[in-house]
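Participant: sharing a sequence plus its predicted fold:
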Amino acid sequence: MAIKKFGSQTVKFQNPPSIVSTYTIVGPKEGEGPLKKYFDMILEDDMWGQESFEKSEAKIQEETIKAALTNGNLTNNDIDYLLSGDLLNQIISSTYTARSLSIPYYGLYGACSTMTESLSLGAMLIDGGFADKVVCATSSHFSSAERQFRFPLEYGSQRNFGAQWTVTGSGATVLSSQGNGPYITYATTGKIIDMGIKDATNMGAAMAPAAVDTLITHFKDTGYSPSSYDLIISGDLGKVGKSIVLDLMKKEGYDLSSMYTDCGVEIFDGDAQDTHAGGSGCGCSAVVLNGYIYKEMMKGNFRRILIMATGALHSTIINQQGESIPGIAHAVTIDVSKG
């Protein structure tokens, strides 16, 4: 059997899986942002009747997956695998969601890169003939992430202007071996890139080099150029990381100025909503992809996009010990045709 690897880090799918349904749920702050009309549900209260932020996040992810299945006229029994993850220790939001859904489950931790990690692996399972239908999902919650990675909200700490606001939200994508598209046609798996950044309040700078490495590899592997895409969007680099990517890519001979943006930049109005450098978190790329991008593709406004979610693979303990922050970026091509 011929290997499907295409170039050094990319897979070209011979039978591209189709996105057959999506769903998004976001918190109140996200529902006030520029993309509010694209989200399926906007919560009035980010606790959503739960006793803790962690339980709320698990409920958000569970209800998102259930609604995505309903949108595709599917039930839990139709799904071969659930691939999901989140930011919390032992990916508890995803694990407790999987406990409730009783779908065969692979828990993933790619930090904020988890959405495209799950899409890459889900597409491989389907293209490889190991599954017919797969759900790819992730979630994050501002308050649960703040008290794990930074400070409890009660502490009232000040955030510097390079810091980002963790998105409260969840997005789910249902992939199928059958369907009318859009299709996942390529997946480029990233490598760990660590340029020595130690500032946990500047995730954009820590992750941007990994994004650049993955982008350059993707273009070399596929033969595509930036102009091959209607939109190239990174996961949650925010304003700082986006600027770094544009500068570094230009030095490498790639001009992304006309088609590149970042989910963390688009989801909030940074000035009006006081989100500093923009959005972050697993839920950031998940809700932008499954809300804004998917719906614009279905309208015919985007024909081919590249989404590349980025992750900072650190923990509070290792960061407090003075270690630097490793970054990762996984990219997938989504096309209205099978290519």
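Facilitator: All right, it came through fine. Given the structure is predicted, the values throughout are model-derived calculations rather than measurements.
Participant: please count neighbours and contacts with C-alpha atoms only from this point.
Facilitator: Fine.
Participant: burial count for the residue lying closest to Gln14 once chain neighbours are set aside?
Facilitator: Spatial nearest neighbour of Gln14, excluding adjacent residues (CA to CA, 6 or more residues apart in numbering): Asp127 at 6.8 Å. Asp127: 20 surrounding residues under other CA atoms under 10 Å.
Participant: ok, Asp127 - contacts?
Facilitator: 13-17, 177 (CA atoms under 8 Å, 6 or more residues apart in numbering).
Participant: again, 7 Å this time
Facilitator: 13-17 (CA atoms under 7 Å, 6 or more residues apart in numbering).
Participant: same deal with Ser18?
Facilitator: Going by CA under 7 Å, 6+ apart, Ser18 touches 175-184.
Participant: and the furthest pair within the contacts of Asp127?
Facilitator: Gln14 and Pro17 (9.3 Å; CA to CA).
Participant: those two: who's more crowded?
Facilitator: Pro17 (31 against 13).
Participant: which residues touch that one?
Facilitator: 123, 126-127, 175-177, 183-184.
Participant: then His314?
Facilitator: 325-326 are the contacts of His314 under CA under 7 Å, 6+ apart.
Participant: tell me the SS of Lys198?
Facilitator: coil (DSSP: H, G, I helix; E, B strand; the rest coil).
Participant: that older thread, from the contacts of Asp127, which is closest to Asn290?
Facilitator: Within those, distances to Asn290 taken as CA to CA reach their minimum at Pro17, with 15.6 Å.
Participant: ok, and the closest non-adjacent residue to that closest one?
Facilitator: Ser177 (5.0 Å).
Participant: can you list the contacts of Pro17 in JSON lines and add secondary structure, distance to Gln320 and pLDDT?
Facilitator: Output for the contacts of Pro17, formatted as JSON lines (DSSP: H, G, I helix; E, B strand; the rest coil; distance: CA to CA, whole Å; pLDDT from 0 to 100):
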{"residue": "Ala123", "secondary structure": "helix", "distance to Gln320": "37", "pLDDT": "98"}
{"residue": "Ile126", "secondary structure": "helix", "distance to Gln320": "41", "pLDDT": "98"}
{"residue": "Asp127", "secondary structure": "helix", "distance to Gln320": "42", "pLDDT": "97"}
{"residue": "Leu175", "secondary structure": "strand", "distance to Gln320": "39", "pLDDT": "98"}
{"residue": "Ser176", "secondary structure": "strand", "distance to Gln320": "43", "pLDDT": "98"}
{"residue": "Ser177", "secondary structure": "coil", "distance to Gln320": "45", "pLDDT": "98"}
{"residue": "Tyr183", "secondary structure": "strand", "distance to Gln320": "42", "pLDDT": "98"}
{"residue": "Ile184", "secondary structure": "strand", "distance to Gln320": "39", "pLDDT": "98"}
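Participant: type out the ChimeraX command that picks the buried ones from these.
Facilitator: A single ChimeraX command selects the buried members of the contacts of Pro17 (16 or more other CA atoms under 10 Å):
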select :123,126,127,175,176,177,183,184
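Participant: list the contacts for Gly279?
Facilitator: Contacts of Gly279 (CA under 7 Å, 6+ apart): 164-167, 236, 238, 264-265, 267-268.
Participant: and with 10 Å instead?
Facilitator: 30, 142, 163-168, 235-239, 262-270, 285 (CA atoms under 10 Å, 6 or more residues apart in numbering).
Participant: so what sits against both of Gln14 and Pro17?
Facilitator: Contacts common to Gln14 and Pro17, judged by CA under 10 Å, 6+ apart, are 127, 185, 338.
Participant: Lys338 versus the residue nearest to Pro17, what's the distance?
Facilitator: 12 Å (CA to CA, to the nearest Å).
Participant: find residues that contact each of those two.
Facilitator: 15-18, 183.
Participant: export those residues to JSON lines and tack on secondary structure?
Facilitator: Putting the shared contacts of Ser177 and Lys338 into JSON lines (three-state DSSP) gives the following:
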{"residue": "Asn15", "secondary structure": "coil"}
{"residue": "Pro16", "secondary structure": "coil"}
{"residue": "Pro17", "secondary structure": "coil"}
{"residue": "Ser18", "secondary structure": "strand"}
{"residue": "Tyr183", "secondary structure": "strand"}
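Participant: just the closest of those residues to Ile244, please.
Facilitator: Distances from Ile244 to the shared contacts of Ser177 and Lys338, taken by CA to CA, are shortest for Tyr183, at 29.8 Å.
Participant: how about that closest one: which residues does it bridge to?
Facilitator: Ser18, Asp335 (DSSP bridges).
Participant: for it, which residues are in contact?
Facilitator: Per CA under 10 Å, 6+ apart, neighbours of Tyr183: 13, 15-20, 123, 175-177, 304, 333-339.
Participant: kindly recompute the last result at 7 Å.
Facilitator: Per CA under 7 Å, 6+ apart, neighbours of Tyr183: 16-19, 334-338.
Participant: which one (most neighbours) among these?
Facilitator: Pro17 leads those on contacts (other CA under 10 Å) with 31 neighbours.
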